[in-house]
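Q: what follows is a protein structure lacking sequence information:
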DNA sequence: GGCAAGTAGTTCGTACGCGAAATATTAGTC
DNA sequence: GACTAATATTTCGCGTACGAACTACTTGCC
């Protein structure tokens, strides 16, 4: 591929810096807003998700908030302890656990008007339609390339010498 | 020409989705690459930072990797335990702790060619120069707006006059 | 000099966040 | 119907990640 020019390298770093900034600040603000309702960031996300969808399995929840099942188990544990949600085993498939808001959790959800990544949404509203389109197009191209790189890189786990053999080397992307 | 269309909301969500995807996948891959050197993601970041700069105080390190001092203390603890870095009290200011790579740490750094956020860098190289410029310009505008929102929102936390009343329960600690 | 205020780093408690292993249940095969 | 593979969730160990409280040291001020 075409190697980067020095000044482009600089722009690239700037782009990375910006994306990291936007992402981390957005998370931080979500956390701050959550704190006012005595919640954590992830808990707020779960509460708002369950408010709109209601009756999600733990796996579905994990997928939505981009976390592993083992992580979500802990989050739900603490929310259950606080009386915000309840676990219910599914009748059709007894392996599945459905998560629902309690009355207390639903009331809390109503009181909090925010959505996760709200900063993004508000900030994006300051862009023109064309800018949003451009942004989306470029980011889409970026994502496509990134997916290729990720796939290649995961498969190239043991490329150098055949000395390594202890790694099963399976790809695990959940997207 | 049409001022507002329903699919703009869709584009906005798409942009958010994409940025989150890029960020989280990039972190995941960094972590994966670090694992091959028996490191964690943050540890890899620290090693590569110290390779290029050498002699950073803990606070400077915290700032660079966008984490709190208390977080970095733990990371350095574990790296010191592994013999990758050493702590050294500064002569000029005995409160300051300088972090340096050991020979083992320096050698490890040399063996690892990656930098954090490497996926971004590689993926961005697939864009044209103009696209990178556009992306940078739009993201800069986005950041500016986001900063305004964040500042406004933080100020709203401590209302100078008693204008807050829609918040029912006072938030306590424990979050 | 002496002391109050500030700064650098650590400690502590809590909550993610992940991967590997364990458990429980369902589906597929003969 | 029993055996096996697959799926959903939990458990466990470890490493971040943060804010509040604490210690050690420095600076500012008199």
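A: Alright, I've got the coordinates. The structure presented is a predicted model; accordingly, all values stated were derived computationally and were not measured.

Q: can you point out the buried residues in stretch A:52-63?
A: Within stretch A:52-63, the residues scored as buried using 16 or more other CB atoms under 10 Å in any protein chain shown are A:56, A:58, A:60, A:61, A:62. Quick note: C-beta positions are derived from backbone N, CA and C, even for glycine.

Q: separation between the nearest residue to the first one once chain neighbours are set aside and residue A:71?
A: Computed as CB to CB, 6 or more residues apart in numbering or on different chains, the closest residue to residue A:56 that is not its neighbour in sequence is residue A:99, at 5.6 Å. With the distance defined as CB to CB, to the nearest Å, residue A:99 ends up 14 Å from residue A:71.

Q: how near is the most centrally placed residue in chain A to residue B:41?
A: In chain A, the C-alpha nearest the mean C-alpha coordinate belongs to residue A:66, at 4.0 Å (CA atoms, centre = their mean). According to CB to CB, residue A:66 and residue B:41 sit 16 Å apart.

Q: same question for residue A:120.
A: According to CB to CB, residue A:120 and residue B:41 sit 23 Å apart.

Q: more neighbours: those two, which one.
A: Higher neighbour count among residue A:120 and residue B:41: residue A:120, with 24 against 17, using other CB atoms under 10 Å in any protein chain shown.

Q: doesn't residue A:22 make contact with the more buried one?
A: Yes: taking CB atoms under 8 Å as the definition, residue A:120 is a contact partner of residue A:22 at 6.7 Å.

Q: what do these two both touch?
A: With contacts defined as CB atoms under 8 Å, 6 or more residues apart in numbering or on different chains, the residues shared by residue A:120 and residue A:22 are B:19, B:146.

Q: contacting residues around the closest residue in space to residue A:89 that isn't next to it in sequence?
A: Spatial nearest neighbour of residue A:89, excluding adjacent residues (CB to CB, 6+ apart): residue A:97 at 6.1 Å. Residue A:97 makes contacts with A:57, A:58, A:87, A:88, A:89, A:90, as judged by CB under 8 Å, 6+ apart.

Q: dump the residues you listed to CSV, plus secondary structure.
A: Formatted as CSV, the contacts of residue A:97 follow (DSSP: H, G, I helix; E, B strand; the rest coil):
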residue, secondary structure
A:57, strand
A:58, helix
A:87, strand
A:88, strand
A:89, strand
A:90, coil
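
Q: of those, which are in range of DNA strand D?
A: Subset of those in contact with DNA strand D: A:57, A:58, A:87, counting by CB under 7 Å from any atom of the strand.

Q: number of residues surrounding the last one?
A: Read that as residue A:87. Residue A:87: 13 surrounding residues under other CB under 10 Å.

Q: surely it and residue A:96 touch.
A: No: counting by CB under 8 Å, residue A:87 does not reach residue A:96; the two are 10.5 Å apart.
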